[in-house]
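**Q** can't give you the sequence, but here's the structure:
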């Protein structure tokens, strides 16, 4: 199913174990989803990916955690990334996304998909008032 | 610049005028941005597009108006729709998006773009726990 | 504006001249649009691209020439290829596409963009009845 | 497999039942494919999606029904929407698409994918003659 | 699983047999992967696809065979083409791609995905120094 | 032209100055291209983007610097990121990419775009031999 072998005992590598421990602490959960298990085939790539994602998604910032998950889902849908859609929809639900909010997210994502097509077709020049520079 | 001619006097058509009037009332502004001006080349397409967008973006729903604009921008960036990125970034600013929030939006969108690529490469099977059905 | 220099006198190269002559004969027109002029920076790439496109678009096949142009536009919009959208919209108009047909094309393309997003979000399993194998 | 639960008895909701009845009448078939069954998790989203798709795909317009299905497939392929590709290929076959036509569709879609990449790489400026405005 | 039936005995058709024989000779292997088996539903499409791919990927050119496979994977990931990602990752491994090289490929592809999103959001004008024309 | 204002004197901010100095040292050039100038509207986003890109592109790794640029261009073309295509084509040229290599890159990218479309259309199941897990 995958393009790399899932390492059999990834935490035998201390760099992997350190990342997995940090995932558990950050998420207050013992569960390590398979993205990280497979990514452990290259500990450096695992490290930079986890610490990069954590810095953006798990630390306080201008947008609240649930809004960030909704944005993440929107991009993942548009890029047709099946795993990402599933994992971030689950994350959003765990942060409070209701079915009504999910339906509304889909409604906005679908509307954007619709008008994106219209404008990539029409090739309307950008109104000068919209440009900051 | 465009694939259709911008109608010279679009509001001469009463269906177009009705849509433009509704845009002005809904937005409390006299400004009609060029998407609608060009779309007026086909009044039926203009009508269904405006009323579709309005129903999703301008009516109360489970997500607040600014969150919906952020999601709209995220999709438009991912679809590389230049006009849409500009018009919805302007709309988000008018609804309260600060530079700090915009930077955070870009940070999340870029992080999703990054992990979408990793997972479309790795093709990791979806963890059963993420599936609702 | 481009990532390669436009060759100053591309037809000085006999391979380029042969392709350009074939474009003129095939299209019954002296006009060479700039895709081919720029592509002449590499005569082999020019040859294989022109003869590939010609075999698909300029020879009789199961679909009629205008339908093929509409499909070409649909893909080009979705890939956000500005030049391709312009050149194939012009080609479709020259083969009989009216404004009403163009509006209908945009309507279908936008509807597909909309439901593609819904299904890439929902990840509904394919109904067995739809599968040929 | 999906990001929402498939409602167990969706037609218990009268709004869902009304949509499903309209699908059956429009298509002259009792079969409801799973897109609509899953979408029933939010009756409002179901309603606006079905009536939007029906208005474009099931009503007479400038393009004939089969051409519209071919365009729909082209967009769905380009957006990598697995479900959409399957459901609209089946719909196109039911409207008369032969294997030869399907092969020709794929040929055009693949050729567009090829030249879209060339032009998104070369970034050739649009010939002024192609612009309507 | 597919949108066409897998031909039961594709090599009964002499055009298919000729292509399959050429695949076997080119690759020095008896294995025909399923892309070609399914594509055999239309012998002309099979021919033009195989000879097109062979001309680019199996003949000496400015880039070495492994580099070409890495580029092929990068595009396939970005287009979310599951089959293509799998088949070309296998091809790259057979041409010498190690796990370390694959991790590095993913690292670059993910970084590009990240900055592509930033720039499609920021819409920074291209520095004149980057333009060739 | 952009969605943020280009900071007038970005290096007045010491965090921006530190990044710009590092760009100059890393690249052995005084030129700061506009991506970084505009990104300076948010110093934290500038820092994480530059150091992330530098770690991948400017440090020795399993793939050589030119191959990494070719891969970067391939992704940027596929995502239709105009600025990225220009800046990384320029970077690749500065690292030794000839016109012949660029033509070959385009040839591979275009071939992948072509077969990606075929396979996203055909939806051929992945041959078990290609799967690592």
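**A** Done, it's in. Here the structure is a predicted model, which means the values were calculated and not measured.
**Q** Just the helices from chain A, written as ranges.
**A** A:14-27, A:34-39, A:43-57, A:65-78, A:82-94, A:99-122 (DSSP state H).
**Q** For residue D:20, find the nearest of the ones you listed.
**A** The closest of the helices of chain A to residue D:20 is helix A:99-122. By C-beta to C-beta, the value is 17.8 Å. Just so you know, the C-beta spots here come from the backbone N, C-alpha and C atoms, and that holds for glycine as well.
**Q** tilt between that closest one and helix A:82-94?
**A** Interaxial angle of helix A:99-122 relative to helix A:82-94 (axes from the mean of the first three to the mean of the last three C-alpha atoms, to 10 degrees): 140 degrees.
**Q** Report the buried residues of helix A:99-122.
**A** A:101-122 (16 or more other C-beta atoms under 10 Å in any protein chain shown).
**Q** before we move on, what about stretch A:122-133?
**A** A:122, A:123, A:124, A:126, A:127, A:130, A:132.
**Q** which of those residues are close to chain C?
**A** For chain C, the contacts drawn from the buried residues of stretch A:122-133 by C-beta under 8 Å from any C-beta of the partner chain are A:122, A:123.
**Q** so what's residue A:31 closest to, chain neighbours aside?
**A** Spatial nearest neighbour of residue A:31, chain neighbours left out: residue B:129 (7.3 Å); criterion: C-beta to C-beta, 6 or more residues apart in numbering or on different chains.
**Q** residue contacts, the one you found?
**A** Listed by C-beta atoms under 8 Å, 6 or more residues apart in numbering or on different chains, the contact partners of residue B:129 are A:31, A:33, A:90.
**Q** thinking residue A:92 is in contact with residue A:74, fair?
**A** No: using C-beta atoms under 8 Å, residue A:92 is not in contact with residue A:74; the gap is 10.6 Å.
**Q** Among the buried residues of stretch A:122-133, which one lies nearest to chain C?
**A** Nearest to chain C among these is residue A:123, at 6.1 Å by C-beta to the nearest C-beta.
**Q** Kindly report the residues of chain A close to chain C.
**A** Selection of chain A residues close to chain C by C-beta under 8 Å from any C-beta yields A:73, A:77-78, A:80, A:82, A:85-86, A:89, A:105-106, A:109-118, A:120-123.
**Q** can you tell me how far the residue in chain A positioned nearest to chain D sits from residue D:41?
**A** Taking C-beta to the nearest C-beta as the measure, the point where chain A comes nearest chain D is residue A:103, at 3.5 Å. Noted for residue A:103: a distance of 7 Å to residue D:41, by C-beta to C-beta, to the nearest Å.
**Q** ditto for residue A:46
**A** 35 Å.
**Q** what do you get for residue A:1?
**A** Counting by C-beta to C-beta - residue A:1 and residue D:41 are separated by 27 Å.
**Q** Same check on residue A:37?
**A** According to C-beta to C-beta, residue A:37 stands 30 Å off from residue D:41.
**Q** the more surrounded of those two?
**A** Higher neighbour count among residue A:37 and residue D:41: residue D:41, with 23 against 18, using other C-beta atoms under 10 Å in any protein chain shown.
**Q** residues in contact with that one?
**A** Applying C-beta under 8 Å, 6+ apart, the residues near residue D:41 are A:99, A:103, D:4, D:5, D:6, D:7.
**Q** Now the phi/psi pair for the fourth one, please.
**A** Which is residue D:5. phi -80, psi 140 (degrees, to the nearest 10).
**Q** and it, how many neighbours does it have?
**A** For residue D:5, using other C-beta under 10 Å, the count is 12.
**Q** Need the nearest residue in space to it, chain neighbours excluded.
**A** Here the residue nearest residue D:5, using C-beta to C-beta, 6+ apart, is residue B:132, at 4.9 Å.
**Q** From the contacts of residue B:129, list just the buried residues.
**A** By 16+ other C-beta under 10 Å, the contacts of residue B:129 give A:33, A:90 as buried.
**Q** which among the contacts of residue B:129 gets closest to chain E?
**A** For the contacts of residue B:129, the minimum distance to chain E (C-beta to the nearest C-beta) is 17.7 Å, reached by residue A:33.
**Q** Dump the contacts of residue D:41 into JSON lines; add pLDDT as well.
**A** Output for the contacts of residue D:41, formatted as JSON lines (pLDDT from 0 to 100):
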{"residue": "A:99", "pLDDT": "97"}
{"residue": "A:103", "pLDDT": "98"}
{"residue": "D:4", "pLDDT": "97"}
{"residue": "D:5", "pLDDT": "95"}
{"residue": "D:6", "pLDDT": "95"}
{"residue": "D:7", "pLDDT": "95"}
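**Q** And the furthest pair within the residues you listed?
**A** Across the contacts of residue D:41, the longest distance by C-beta to C-beta is 14.7 Å; it joins A:103 and D:6.
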